[in-house]
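Asker: My questions are about this predicted structure, shown below with the sequence.
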Amino acid sequence: MNLMDHIEALRIRAAEQYLLGELPDSLREEFEEHIFECQECALDVRAGSALIEQMKKEL
Amino acid sequence: MQFETFDAAYTSRLRASDARTLEHFASYFGELIQLKLRSRVESREVAEDLRQETFARVLAALQVEGGLRHTERLGAFVNSVCNNVLLEYYRSRRRMDSLEVLEEYDPIASGAPDALSRILSQDEVRVVRRILAELGERDRELLRSIFLEERDKDEICRELGVGREYLRVLLHRAKQAFKFVYIKNEASPRRHRLASSLPLPRGRNPVPKLCDLSAEGLGSKMNQ
């Protein structure tokens, strides 16, 4: 069962917290379960990761 | 990369080693597994080994009758296989206590870019440069301190007089500004890099292989 739903993921800005390494263990696991099933959140995380990698080169 | 529906048809194509589907599978789940593992293992080499093992097990399971009962939950299945692979890795290294160590591992701030990261196109790079150019100096300093200097986030936010939520909103707005070009390029047929690293299904034949971006005070305007 997916414990974190899409609305909750958006509400807590889970993608941003995940990319910043800020999610507590339990929420991180819930969010990972979610992104493996939610293509919209998966896209958010993948795009965010690509953005950060490029920003690290540009900053 | 197009959005795909993970269903019986997709799974059947994977079982049949359809090249395009394997390519999509490797690229899509490869990035998610990579993100998941890099916060949990100590090196990119180990992460790559575990990613490969995860793919091998998923593809092998698909060849077995009843190996995946709910085809629409392929993503959840990949994640659970990855979790098992990770647990076995911890056990094999007698490192079940490593979870505490991993708490200190910063998935974003560490090391060079991942070898499997997507190479950005020129227009994507231009958008990132524009995003950074439109930021104020404080916001650039904030990002520099977080992503390059790997300093404590609370300390940085305190020094710059912003809260932790400000940082999330800043990243969110930058990501939203970047996503349109990222999505556009996802749909282009030029992404083939990960397919060659896909392990062969066991017992199968080889497969071919803006405006103001400042986050201050804009949280309520976020376009979710």
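Answerer: Cool, got the structure.

Asker: what's in contact with the helix or strand harbouring B:Ser12?
Answerer: Applying DSSP states H and E as the criterion places B:Ser12 in helix B:8-15. When contacts are defined by C-beta atoms under 8 Å, 6 or more residues apart in numbering or on different chains, helix B:8-15 is touched by residues B:Glu4, B:Arg20, B:Thr21, B:Leu22, B:Phe25, B:Leu59, B:Leu62, B:Gln63, B:Leu68, B:Thr71, B:Leu74. Glycine gets a C-beta too; all of them are placed from N, C-alpha and C.

Asker: okay, now B:Leu132: neighbour count?
Answerer: 18 (other C-beta atoms under 10 Å in any protein chain shown).

Asker: Under the pLDDT cut-off, which ranges of chain B? List them.
Answerer: When residues are selected by pLDDT under 70, those of chain B lie in B:1-2, B:94-118, B:189-224.

Asker: How is it divided into domains?
Answerer: B:1-107, B:120-224 (automatic domain parsing).

Asker: and stretch B:168-179, does that touch chain A?
Answerer: Yes: Stretch B:168-179 reaches chain A (C-beta under 8 Å from any C-beta of the partner chain) through B:Arg168, B:Val169, B:Leu171, B:His172, B:Ala174, B:Lys175, B:Phe178, B:Lys179.

Asker: Would you mind listing the buried residues in the helix or strand hosting the second one?
Answerer: Just to be clear, that refers to B:Val169. Secondary structure from DSSP H and E places B:Val169 in helix B:164-186. The neighbour-count criterion (16 or more other C-beta atoms under 10 Å in any protein chain shown) identifies B:166-179, B:181-182, B:185-186 as the buried residues of helix B:164-186.

Asker: likewise stretch B:138-151?
Answerer: Residues B:Asp139, B:Glu141, B:Leu142, B:Leu143, B:Arg144, B:Ser145, B:Ile146, B:Phe147 are the ones in stretch B:138-151 that count as buried (16+ other C-beta under 10 Å).

Asker: Count the neighbours of the nearest residue to the fifth one once chain neighbours are set aside for me.
Answerer: Going back to what we said before, that points to B:Arg144. The shortest distance from B:Arg144 to any non-neighbouring residue, by C-beta to C-beta, 6 or more residues apart in numbering or on different chains, is to A:Leu59 (4.7 Å). Counted with other C-beta under 10 Å, residues neighbouring A:Leu59 total 16.

Asker: if I look at A:Leu59, how far off is B:Glu137?
Answerer: For A:Leu59, the distance to B:Glu137 (C-beta to C-beta, to the nearest Å) stands at 12 Å.

Asker: just B:Glu72 next, same as before
Answerer: Noted for B:Glu72: a distance of 48 Å to B:Glu137, by C-beta to C-beta.

Asker: Which one's more surrounded, these two?
Answerer: With other C-beta under 10 Å as the criterion, B:Glu72 and B:Glu137 differ in neighbour count, and B:Glu72 comes out ahead with 14 against 7.

Asker: Could you find the closest non-adjacent residue to the more buried one?
Answerer: The shortest distance from B:Glu72 to any residue that is not its chain neighbour, by C-beta to C-beta, 6+ apart, is 5.6 Å, and that residue is B:Asp7.

Asker: Am I right that the one you found is in contact with B:Leu68?
Answerer: No: with the criterion set as C-beta atoms under 8 Å, B:Asp7 and B:Leu68 do not qualify as a contacting pair; they are 11.3 Å apart.

Asker: More neighbours: which of the two?
Answerer: Set side by side, B:Asp7 and B:Leu68 show more neighbours around B:Leu68, with 19 against 11, by other C-beta under 10 Å.

Asker: right, and the secondary structure at the more buried one would be what?
Answerer: The local conformation at B:Leu68, judged by DSSP: H, G, I helix; E, B strand; the rest coil, is coil.

Asker: Fine by me, we can end here.
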